[in-house]
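1. Okay, sequence plus prediction incoming.
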Amino acid sequence: MKKITKIIAISALIVLVIMQFIRPDKNESGYESVAFFEADTKPSEELKTILRNNCYDCHSNQTKYPWYAEIAPVSYWLDDHIEEGTEHFNVSDWESYSIKKRDHKLEELIEEVDEGEMPLASYTWLHGNLDAQQKELLLSWVKELRTKYTAN
């Protein structure tokens with residue numbers, strides 16, 4: 001039994017070492033990836049800060065990776081979060097969204113933030129959460145912004 005445990009432990013260690021060399025692609029195309037979104041939606045500087053600190057890492061093509069993102073299996077876990085986040089809402093793709101889709105994405109944003117689903121709890125552990133004032137500012141901006149898209 002002791003020999004089997006040792007073999008399993010050594011095998012797991014070998015797998016972890018190999019995983020360090022097989023990394024997921026990074027999601028980094030720079031600030032210009034959100035430029036159209038910000039030009040179209042015109043957030044205030046305070047809102048830009050909220051978006052950059054709480055949203056863009058998973059919902060744009062400009063993720064800022066923390067140091068621990070270099071360590072597998074955390075790198076795979078973060079990559080999965082980012083892929084799922086950009087699949088559901090990617091501000092870097094804002095220009096390609098139809099007016100109807102933009103409105104729908106904003107509606108979903110309101111729902112997710114209002115219900116406390118966004119930002120994810122796993123993100124807020126290390127990055128902090130939106131305080132009540134930031135949340136209200138973000139939600140009121142998005143609600144006002146929706147009128148621009150529903151009017152069309």
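-> Good, I have the coordinates. Residues are numbered from 1 along each chain as shown.

2. hey, let's count contacts and neighbours off CA atoms from now on
-> Fine.

3. Format the CA atom coordinates belonging to the lowest-mean-pLDDT helix or strand in the chain as CSV.
-> For the chain, using mean pLDDT, DSSP states H and E, the weakest element among its helices and strands is helix 121-127, scoring a mean of 72. What follows is helix 121-127 as a C-alpha-only set of coordinates in CSV (Å, rounded to 0.1, in the frame of the first residue of the first chain):
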residue,chain,number,x,y,z
ALA,A,121,-16.7,35.3,-5.7
SER,A,122,-13.4,33.6,-6.7
TYR,A,123,-12.3,36.9,-8.3
THR,A,124,-13.3,39.1,-5.4
TRP,A,125,-11.3,37.0,-2.9
LEU,A,126,-8.1,38.5,-4.2
HIS,A,127,-9.3,41.6,-6.1
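
4. Can you pull out the low-pLDDT segments for this structure?
-> Where the chain drops to pLDDT under 70, the residues are 1, 27-32, 126, 152.

5. Which stretches in it count as helices?
-> Under the criterion DSSP state H, helices of the chain are mapped to 2-19, 32-41, 45-54, 56-59, 74-88, 99-114, 121-127, 132-150.

6. okay if I get those helices as TSV plus mean neighbour count and distance to residue 66?
-> Shown next, in TSV, are the helices of the chain (neighbours: other CA atoms under 10 Å; distance: least, CA to CA, whole Å):
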stretch	mean neighbour count	distance to residue 66
helix 2-19	11	18
helix 32-41	15	19
helix 45-54	15	13
helix 56-59	24	10
helix 74-88	16	10
helix 99-114	16	23
helix 121-127	12	10
helix 132-150	15	23
